[in-house]
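Visitor: With the input below, show me the fold.
(one chain, ligands or ions: 1)
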Amino acid sequence: MNAFITRVTIFVVAALLVFTSCATNQDNANTTVTTTVTPPPTQALTVVGRPQAILDLMKQRGEEDQAQPVLRIVSPGKEATVNGANVDVKLNLSGDLRGYKPHKDPATGKGNHIHVILDNEPYEAYYELDQPFELRNLTEGKHTLRVFASRPWHESYKNAEAFQMVSFTVKGGGDASKPTTTNSGQTMANNNSAPSPSPAREGKDMHASKGGEVDPTKPLLTYSRPKGEYKGAEADPIMIDFWLSNAELKGDGGEYRVRYIVDDDDARFIEKWEPMWLSGWLSGKHTVRLELLDKDDRPVANGTFNTTAREITVAK
Ligand SMILES: [Cu+2]
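Guide: Predicted coordinates:
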């Protein structure tokens, strides 16, 4: 121990001398001191309220956030068998929309959109419903598709009709060594191929696709956010949001709750179905895991979909 302190002291003194002797020279000497002596900072996340920027946006949107969108999957059909590796996704949006319309504003790159989830992969955003959205190179076998209406800041609409799921079967599927993509080249599933070389792609999953058979009548937690990369002001706070089917949380009068675990932190719980904002993220990679638990705090099985972990990147 004494030897260690002595060594650290000598190192600090030596480093300080180096630093002093070349204070005008912007080299890494001082950085080395800091990283050697100071233990790495630990991340302490706290739950904070809805950010003011979103409150302002909601004001501008008028009644849009009270909309009750009805989203239907027109294609692929329920339990349909699709021949070939490419599947057209067609959606129909109706209901009490109050001005809600998916569309990407070319100036800001933002806007209302639909979250489209193949199997239990990270979602892809679908903005222009009158334009095609094609899943390419799907692997042979059974798949599920989930869609739900979302806002520009990725918070989902939570009325019952804003979500739909279908299962379908692909015959004569694509090359499983290549990822499943959309017509615009977004990866929907990595299959068994090597991870995408492009780090810019949002929401790369660490696991292969699939996830087992899902029962649409059983409790189902659909992971939505966070995903991908968070930069600058968008990295603090970060929203946790999910979709719940056939299950009510304890705080809403039901018997379920959601457990979330960030990195290796202790588990924490969500007892009301609403978005939640967490503040205090450190730059770097993090994992966020969401699980649906029953009244005895046991994970609820439905395929493997009710336990989902995603890696996100924070760059402040
Ligand atoms: Cu989104």
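Visitor: count of neighbours near E79?
Guide: For E79, the neighbour count with other Cβ atoms under 10 Å is 10. Where you see a C-beta, it was placed from the backbone N, CA and C, and this is true even at glycine.
Visitor: Now do the contacts for it.
Guide: Applying Cβ atoms under 8 Å, 6 or more residues apart in numbering to E79 gives the contacts 166-169.
Visitor: gap between it and the ion?
Guide: Distance, E79 to the ion, by Cβ to the ion, to the nearest Å: 28 Å.
Visitor: How confident is the prediction for that residue, by pLDDT?
Guide: E79 is assigned a predicted lDDT (pLDDT) of 94.
Visitor: Which residues of the stretch 51-200 of the chain lie near the ion?
Guide: 150, 154 (Cβ under 5 Å from the ion).
Visitor: Can you select the buried ones among the contacts of E79 for me in ChimeraX?
Guide: Filtering those down to the buried ones (16 or more other Cβ atoms under 10 Å) takes a single ChimeraX command:
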select :166,167,168
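Visitor: Go through the contacts of E79 and say which is closest to the ion.
Guide: V166 (20.2 Å; Cβ to the ion).
Visitor: sorry, back to before: among the contacts of E79, which ones are in strands?
Guide: If you go by DSSP state E, the contacts of E79 have 166-169 in strands.
Visitor: any chance of these in TSV, plus pLDDT?
Guide: Rendered in TSV, the data for these read as follows (pLDDT from 0 to 100):
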residue	pLDDT
V166	96
S167	95
F168	94
T169	93
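Visitor: Just send those residues back as a markdown table, with distance to G253 too.
Guide: Formatted as a markdown table, the ones in strands among the contacts of E79 follow (distance: Cβ to Cβ, whole Å):
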| residue | distance to G253 |
| --- | --- |
| V166 | 29 |
| S167 | 29 |
| F168 | 34 |
| T169 | 37 |
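Visitor: residues in contact with the closest residue to D96 other than its chain neighbours?
Guide: Spatially, and ignoring its direct neighbours in sequence, D96 is nearest to Q68 (4.3 Å; Cβ to Cβ, 6 or more residues apart in numbering). Residues in contact with Q68 (Cβ under 8 Å, 6+ apart) are 95-96, 157, 159, 161-162.
Visitor: In terms of secondary structure, what does the host helix or strand of K59 contact?
Guide: Per DSSP states H and E: K59 is located in helix 52-61. Judged by 3 or more Cβ pairs under 8 Å, 6 or more residues apart in numbering; DSSP states H and E, helix 52-61 is in contact with no other helix or strand.
Visitor: Restricting to C-alpha, output stretch 262-277 in CSV.
Guide: These are the backbone C-alpha positions of stretch 262-277, laid out as CSV (Å, rounded to 0.1, in the frame of the first residue of the first chain):
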residue,chain,number,x,y,z
VAL,A,262,-28.9,0.3,-16.7
ASP,A,263,-25.4,-1.2,-17.2
ASP,A,264,-24.6,-3.1,-14.0
ASP,A,265,-26.6,-0.9,-11.7
ASP,A,266,-29.2,-2.2,-9.3
ALA,A,267,-32.6,-2.9,-10.8
ARG,A,268,-35.3,-0.2,-10.6
PHE,A,269,-39.0,-0.3,-11.3
ILE,A,270,-41.6,1.4,-13.3
GLU,A,271,-45.1,1.1,-12.0
LYS,A,272,-47.0,3.4,-14.3
TRP,A,273,-47.2,3.1,-18.1
GLU,A,274,-45.8,6.5,-19.2
PRO,A,275,-42.5,7.7,-20.6
MET,A,276,-39.8,8.3,-18.1
TRP,A,277,-36.7,10.6,-18.3
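Visitor: quick one: the helices in this structure?
Guide: Secondary structure of the chain by DSSP state H: the helices cover 2-21, 29-37, 52-61.
Visitor: Break down the stretch 151-300 of the chain into its strands, ranges please.
Guide: 163-171, 180-182, 187-189, 220-225, 228-231, 238-245, 257-262, 268-270, 276-279, 284-293 (DSSP state E, counting those that start in this stretch).
Visitor: strands paired with the third one, and their directions?
Guide: Each strand pairing with strand 187-189, determined using DSSP bridges, is listed with its direction: strand 180-182 (antiparallel).
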